[in-house]
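> Give me the fold of what follows.
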Amino acid sequence: MTDPTATLVLAAHGTRSAAGESTLSALAETVRRSRPGHRVELSYLEISSPLLSDVLPAVRGPVVVVPLLLAGGYHAHIDLPEVIASRRPDAVVAGWLGPHRLLTSALARKLAHAGLRATDAVLLGAAGSSDPSALADVRAAAHRLAVRLARPVTAAFASAGSPSLEEAMERLGSTPAARVAIASYVLAPGHFHDRLASAGAGLVSDPLGPDPDVAALIWHRYDAALSRRHAPAPHAPGLHRASL
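Here you go, the predicted structure:
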């Protein structure tokens, strides 16, 4: 069940990259165009403007917050709930984006556009996290991409997480693969995509950006969150985010 009066508030991490902010604005516009008549607001958890903490109190009526996060972790489990609790406790919060088959489709398409070859070894390059559940989300996304591409895909992390990007590149450099291709598992240009681009791979795909499949996934998370709000209370405790 959807509610056309519920404003969709996109909650991105935030970036010091002007190109990153421009890409996230383009993603928000793609989301708006894919479902005319719905109000869509872009906000950030930190660094960029406007901040989620400022946007939420200004929105009238029901609100659904969709985190523009590809995995769980500190921002999903700590930052975001704290802002919601203090600024808009009535808001409905959707699940973060990954893993999901729509992201897999977008990743595969961007790799193909970048010139992926049948002989390439593939890394899924992600930001990383100190949260084991967030790393598990990325590894699940790598598995989905491996199934789609019918070849192994290794998850590698630019910050916290194992293997690190450097470790994964070194391992694949000792294999018979002609070159390494990195699938960029980030939404927009910025620090982490720069790390992927400078890792020495034969090719690095573009960030996911304003991809139509990413926009469709955002609306899927929005709809699922509203469905949970309207559903009868479950007999057993605990509702779990779907990641189909």
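> So the residue nearest the centre of the chain versus residue 142, what's the distance?
In the chain, the C-alpha closest to the average C-alpha coordinate belongs to residue 70, at a distance of 2.5 Å (Cα atoms, centre = their mean). From residue 70 over to residue 142 the distance is 12 Å, taken as Cβ to Cβ, to the nearest Å. Heads up, the C-betas are built off the backbone N, CA and C, glycines and all.
> With residue 60 instead?
41 Å.
> pull the helix or strand with minimum mean pLDDT from this protein.
helix 74 (a mean of 75; mean pLDDT, DSSP states H and E).
> After it, which helix or strand is next?
Elements were assigned by DSSP states H and E; along the chain past helix 74, the next helix or strand is helix 80-87.
> and that next one, C-alpha only, in PDB?
Included here for helix 80-87 are C-alpha records, laid out as PDB according to Å, rounded to 0.1, in the frame of the first residue of the first chain:
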ATOM      1  CA  LEU A  80      20.000   8.000  11.500                       C
ATOM      2  CA  PRO A  81      17.900   6.700  14.400                       C
ATOM      3  CA  GLU A  82      19.200   9.400  16.600                       C
ATOM      4  CA  VAL A  83      18.200  12.100  14.100                       C
ATOM      5  CA  ILE A  84      14.700  10.600  13.700                       C
ATOM      6  CA  ALA A  85      14.200  10.300  17.400                       C
ATOM      7  CA  SER A  86      15.100  13.900  18.100                       C
ATOM      8  CA  ARG A  87      13.600  15.600  15.000                       C
END
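> isn't residue 91 right up against residue 84?
Yes: with contact defined as Cβ atoms under 8 Å, residue 91 and residue 84 form a contacting pair (5.4 Å).
> what's the overlap in contacts for those two?
Taking Cβ atoms under 8 Å, 6 or more residues apart in numbering as the criterion, residue 91 and residue 84 both touch 56, 65.
> and the end-to-end length of stretch 181-192?
16 Å (Cα to Cα, to the nearest Å).
> and what of stretch 9-28?
Between the opening and closing residues of stretch 9-28 we find a distance of 10 Å, counting by Cα to Cα.
> mind listing what's buried in it?
Of all the residues in stretch 9-28, those buried under the rule 16 or more other Cβ atoms under 10 Å are 9-15, 17, 20-21, 23-24, 27-28.
> Residue 7: what's it in contact with?
When the contact criterion is Cβ under 8 Å, 6+ apart, the partners of residue 7 are 38-41, 59, 61-64.
> So what does the nearest residue to residue 10 once chain neighbours are set aside look like in phi/psi?
What sits nearest to residue 10 in space, not counting adjacent residues and going by Cβ to Cβ, 6 or more residues apart in numbering, is residue 42, at 4.9 Å. Reported as degrees, to the nearest 10, the phi and psi values for residue 42 are phi -100, psi 130.
> so what's residue 42 up against?
If a contact means Cβ under 8 Å, 6+ apart, then residue 42 has 10, 12, 24-25, 28, 50 as its contacts.
> where are the low-confidence patches of the protein?
Along the chain, segments meeting pLDDT under 70 span 1-4, 177, 230-244.
> and if we set it to 50?
Along the chain, the model assigns pLDDT under 50 to residues 1, 233-244.
> Strands of that one, residue ranges please.
Listed in chain order, the strands of the chain (DSSP state E) span 7-12, 40-44, 63-67, 92-93, 121-126, 153-157, 180-184, 203-204.
> So for residue 132, which of those strands sits nearest?
Across the strands of the chain, residue 132 has its closest neighbour in strand 153-157 (12.1 Å, Cβ to Cβ).
> if we can go back for a sec, can I get the contacts of residue 7 in a markdown table including neighbour count?
Formatted as a markdown table, the contacts of residue 7 follow (neighbours: other Cβ atoms under 10 Å):
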| residue | neighbour count |
| --- | --- |
| 38 | 18 |
| 39 | 15 |
| 40 | 21 |
| 41 | 19 |
| 59 | 18 |
| 61 | 9 |
| 62 | 14 |
| 63 | 20 |
| 64 | 23 |
